[in-house]
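Asker: Everything below, folded, please.
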Amino acid sequence: MEPDPIIMNINCSNLDDLLFDASPLSMRTAAEHAAACAACAEKLEAWNDISATAKSMQTAWQNDLLWPRIERALAKEIAEGKRRTPLRGFSRIAAVALLTIGLGSTMWFTMREQVRGAKFNGKIYQNSAMDEVEKAERDHVRAIANLQKFADAKLENTESPLMVSYKEKLMLLDDAIAECQVNIDRNRQNAHIREQLLAMYSEKQQTLKDVLREDPNVSNQ
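Answerer: The predicted structure is shown next:
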């Protein structure tokens, strides 16, 4: 039996490199350091939360128009080596994990919306219900615009693995939102697409809030 690999001693500035690598030894080393460093422990906890959420929310997406097209485009970019940022293997891992999170969150939100019953089931084709849906969409757009003014500056000023993950997730959500809007323009009364759009708006709004809650001083140590 081979002996366990030796875990090296590191400092806070090495934590990003370990997260980029994401190998079992790197993650064990990061955990050993975080046990004695509160700032790095908080950062590692946030990173682990993203990974755990991705694993727990794996689900199949049933719509042929939205996420499958984004996933194919992402796979093509990776194959051609034309990713937007040179993030080595971490970029691919983060994109796949965030796509899974997005899918799981979207399905969860859609199920919650179905509880509202009459607002989306049966009455969606009536003008009053349609007006209500469009008002909810406008409310999301306004809230997102307010959050994005502050979040964009924060995202541009840091390249920590966690912030890069948030950037990737927001880009995927923007692509999916644009695709939804194109399909809604073709069929204004498509209840299924409108549910998906509301779910994606909600996920983007929550992601921007998560970005604003992150401490840039902790993320860039």
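
Asker: What helix or strand is Lys154 located in?
Answerer: Per DSSP states H and E: Lys154 is located in helix 127-156.

Asker: following that helix, which helix or strand comes up?
Answerer: Sequence order places helix 161-186 as the next helix or strand after helix 127-156, per DSSP H and E.

Asker: Could you give the average pLDDT over the particular helix or strand that has Asp49 in it?
Answerer: For Asp49, the host element (DSSP H and E) is helix 38-56. Mean per-residue pLDDT for helix 38-56: 75.

Asker: low-confidence ranges in this structure?
Answerer: The chain contains residues with pLDDT under 70 at 1-8, 50-130, 215-221.

Asker: Return the alpha-carbon coordinates of stretch 192-204 using PDB.
Answerer: Presented in PDB, the C-alpha positions along stretch 192-204 are these (Å, rounded to 0.1, in the frame of the first residue of the first chain):
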ATOM      1  CA  HIS A 192     -43.700  27.300 -20.100                       C
ATOM      2  CA  ILE A 193     -41.100  29.700 -21.500                       C
ATOM      3  CA  ARG A 194     -42.400  32.500 -19.200                       C
ATOM      4  CA  GLU A 195     -42.000  30.300 -16.200                       C
ATOM      5  CA  GLN A 196     -38.400  29.500 -17.300                       C
ATOM      6  CA  LEU A 197     -37.700  33.300 -17.800                       C
ATOM      7  CA  LEU A 198     -39.000  34.100 -14.300                       C
ATOM      8  CA  ALA A 199     -36.900  31.300 -12.800                       C
ATOM      9  CA  MET A 200     -33.700  32.600 -14.600                       C
ATOM     10  CA  TYR A 201     -34.400  36.200 -13.500                       C
ATOM     11  CA  SER A 202     -34.700  35.000  -9.900                       C
ATOM     12  CA  GLU A 203     -31.500  33.000 -10.100                       C
ATOM     13  CA  LYS A 204     -29.600  35.900 -11.600                       C
END
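
Asker: Flag every buried residue along it.
Answerer: Buried residues in stretch 192-204, counting neighbours by 16 or more other C-beta atoms under 10 Å, are found at 193-204. Placement of C-beta: from N, CA and C, glycine included.

Asker: from the residues you listed, which is closest to Asn48?
Answerer: Relative to Asn48, the closest of the buried residues of stretch 192-204 is Glu203; by C-beta to C-beta it sits at 20.1 Å.

Asker: And that closest one, how far from Leu18?
Answerer: According to C-beta to C-beta, to the nearest Å, Glu203 stands 28 Å off from Leu18.

Asker: likewise Met200?
Answerer: From Met200 across to Leu18, the span is 32 Å (C-beta to C-beta).

Asker: What of Gln206?
Answerer: Noted for Gln206: a distance of 27 Å to Leu18, by C-beta to C-beta.

Asker: Repeat that for Tyr166.
Answerer: Computed as C-beta to C-beta, the Tyr166 to Leu18 distance reads 19 Å.

Asker: In strands, which of the buried residues of stretch 192-204 fall?
Answerer: Per DSSP state E, strands hold no members of the buried residues of stretch 192-204.

Asker: In a markdown table: those, plus distance to Met27.
Answerer: Below are the buried residues of stretch 192-204 laid out as a markdown table (distance: C-beta to C-beta, whole Å):
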| residue | distance to Met27 |
| --- | --- |
| Ile193 | 39 |
| Arg194 | 41 |
| Glu195 | 37 |
| Gln196 | 34 |
| Leu197 | 36 |
| Leu198 | 36 |
| Ala199 | 31 |
| Met200 | 31 |
| Tyr201 | 34 |
| Ser202 | 31 |
| Glu203 | 27 |
| Lys204 | 29 |
